[in-house]
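In: Let me see the structure of the following:
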Amino acid sequence: VNHGHKPGNLPRKGETSRELVGTAVFKGDKMVGSLDEYETIHYLLAVNKLKAVTYSIIDSKYEKSAITFKIRSNGVKVRIDLSDREKPKINVNINIEADIESIQSEFNYENLKHIEELNKLLGQELLKGINKVLEKVQTEFQADIFGFGKWAAGKFLTIKEWEEYNW
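Out: Prediction:
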């Protein structure tokens, strides 16, 4: 279970005053909030900017065990359907590469019979995290850090049409 640290609240030893954790969220030129390190991972995956990171999930077979992966973004495709003016539909297809780094339970997930189960488990955890960040950013911060507005704007022929749509 990932419980991240907010910027400015990173536990530390010693006198180092610098920290690199989380993401500042801006709406226009005003900072409206921040994401912790795990929210940042989910955000970077969704916008195809995650180079590589170690990511752990709880083993569904052994709840006190974790499975650790090295994950990276490998392409994102966004489709926006504006036919329902009240509720646009945004489909984000994220291609992720993952390598198993460790399995605490020693269950043989690497067996071909179980690898699909592991892929599904990791996918569900990542989707849950991405949806949580998306909801937080849209409702709590009312910001568009994912850039969906830019994708949607491309569907209109003129700036006037885009402004009238009132994204």
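In: any idea which element Ile41 lies in?
Out: Assigned by DSSP states H and E, Ile41 belongs to helix 37-46.
In: just checking, what packs against that helix?
Out: The helices and strands touching helix 37-46, judged by 3 or more CB pairs under 8 Å, 6 or more residues apart in numbering; DSSP states H and E, are strand 23-27, strand 66-81, strand 89-103, helix 112-135. Any C-beta I mention is one placed from the backbone N, CA and C, and that applies to glycine too.
In: mind listing what the very next helix or strand once past that helix pairs with, with the direction of each?
Out: Later in the chain than helix 37-46, the nearest helix or strand by DSSP H and E is strand 53-58. Sheet pairing for strand 53-58, assigned by DSSP bridges, gives strand 66-81 (antiparallel).
In: got the buried residues for the strand it pairs with?
Out: For strand 66-81, burial by neighbour count (16 or more other CB atoms under 10 Å) applies to 67, 69, 71-73, 76, 78, 80.
In: Please put the alpha-carbon coordinates of it into CSV.
Out: C-alpha atoms of strand 66-81 as CSV (Å, rounded to 0.1, in the frame of the first residue of the first chain):
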residue,chain,number,x,y,z
ALA,A,66,4.8,-7.3,-1.7
ILE,A,67,5.7,-7.7,-5.3
THR,A,68,8.1,-5.1,-6.7
PHE,A,69,8.4,-4.1,-10.3
LYS,A,70,10.5,-1.7,-12.4
ILE,A,71,8.0,0.1,-14.5
ARG,A,72,8.2,2.7,-17.3
SER,A,73,5.9,4.5,-19.7
ASN,A,74,6.0,3.2,-23.3
GLY,A,75,3.4,5.4,-25.1
VAL,A,76,0.1,7.0,-24.4
LYS,A,77,-2.9,7.4,-26.8
VAL,A,78,-5.7,9.8,-25.9
ARG,A,79,-9.1,9.8,-27.6
ILE,A,80,-11.7,12.4,-26.7
ASP,A,81,-15.4,12.1,-27.6
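In: Mind checking the pLDDT average for that strand?
Out: What strand 66-81 shows for mean pLDDT is 94.
In: what do you get for stretch 96-106?
Out: What stretch 96-106 shows for mean pLDDT is 91.
In: Would you mind measuring the gap between the ends of stretch 143-162?
Out: This stretch, stretch 143-162, spans 18 Å end to end (CA to CA, to the nearest Å).
In: in it, what's buried?
Out: 143, 145-146, 148, 151-152, 162.
In: Out of those, the closest to Leu127 would be?
Out: Nearest to Leu127 among the buried residues of stretch 143-162: Phe146, at 14.4 Å, using CB to CB.
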